[in-house]
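Enquirer: pasting the sequence and the predicted model now:
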Amino acid sequence: ASKKIAVLVGSLRKDSYTRRVAHSLIESAPEGLELTIVELRDLPLYNEDDETDPPPSTFAAFRDAIRQADGILFCTPEYNRSVPGALKNAIDVGSRPYGKAAFADKPCAIVSVSPGALGGFGANHHLRQMLPFLNMPTMPAPEAYVGGVAGKYEGDRLVDESSRAFFQKFMAAFGAWVEQHAK
Ligand code: FNR
């Protein structure tokens, strides 16, 4: 059976490079992976009070989308050497209520994206700090630091063929990782 993957894009920007990379990864996926971007933009800032007051319906919808997935693909830009607040907030929302984290046990992989040379290393590794705490088997390799991203696209079109080959290799490895670790 095909595996459902929720793709989380850490940028809310309309012309986001990270979103373009997410689309390229989706196009590069092997048969048997069904990838859907789950949007973060409507999630309010997480407030624990909302768990007892009826939680915003956006929390439930987001948690359901994560629960229904067999695996998670994190695509993130780097803000101040870490993950953007929008993505951290989404992880916080999906991590609660305590003991019922929607993210728990979901195999995942990380792709960081930057116009800069370091390819979002800081954001990538801050995710690697968070995700094991949610008991998420996080694909160790291949790692994906997509640097110099502005030169890899003409509009929405990926024009860097070595990146395309890498995305295919990465997604094949992720497919195998999900197959191995999905509960
Ligand atoms: C950035 N940017 C950035 N880039 C980087 O490589 N390391 C960093 O630490 C930061 N810090 C940072 C903070 C904030 C608040 C902003 C808005 C931007 C630049 C960032 O990589 C660039 O804006 C990307 O284009 C953002 O990704 P999207 O929106 O194109 O996907």
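Expert: Thanks, I have the structure now.
Enquirer: ranges for the helices of this protein?
Expert: Using DSSP state H, the helices of the chain run over 17-27, 57-67, 85-94, 121-130, 161-181.
Enquirer: could you dump these to JSON lines with mean neighbour count and distance to the ligand?
Expert: From N, CA and C alone the C-beta is placed, and that goes for glycine too. Shown next, in JSON lines, are the helices of the chain (neighbours: other Cβ atoms under 10 Å; distance: least, Cβ to the nearest ligand atom, whole Å):
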{"stretch": "helix 17-27", "mean neighbour count": "21", "distance to the ligand": "3"}
{"stretch": "helix 57-67", "mean neighbour count": "16", "distance to the ligand": "20"}
{"stretch": "helix 85-94", "mean neighbour count": "21", "distance to the ligand": "9"}
{"stretch": "helix 121-130", "mean neighbour count": "19", "distance to the ligand": "6"}
{"stretch": "helix 161-181", "mean neighbour count": "17", "distance to the ligand": "15"}
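Enquirer: could the ones you listed be laid out in JSON lines, adding mean pLDDT and distance to Glu78?
Expert: Shown next, in JSON lines, are the helices of the chain (pLDDT from 0 to 100; distance: least, Cβ to Cβ, whole Å):
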{"stretch": "helix 17-27", "mean pLDDT": "98", "distance to Glu78": "10"}
{"stretch": "helix 57-67", "mean pLDDT": "95", "distance to Glu78": "23"}
{"stretch": "helix 85-94", "mean pLDDT": "98", "distance to Glu78": "11"}
{"stretch": "helix 121-130", "mean pLDDT": "98", "distance to Glu78": "4"}
{"stretch": "helix 161-181", "mean pLDDT": "98", "distance to Glu78": "18"}
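Enquirer: those: which one's closest to Ser2?
Expert: Smallest distance to Ser2 across these (Cβ to Cβ): 9.9 Å, for helix 161-181.
Enquirer: for Lys106, find the nearest of the helices of the chain.
Expert: Using Cβ to Cβ, the nearest of the helices of the chain to Lys106 is helix 57-67, at 7.2 Å.
Enquirer: packing partners for the closest one?
Expert: Judged by 3 or more Cβ pairs under 8 Å, 6 or more residues apart in numbering; DSSP states H and E, helix 57-67 is in contact with helix 85-94.
Enquirer: got the contact list for the helix it packs on?
Expert: 8, 10-12, 40-41, 43, 45-46, 59, 62-63, 66, 74, 76, 79, 82, 101-103, 130, 134 (Cβ atoms under 8 Å, 6 or more residues apart in numbering).
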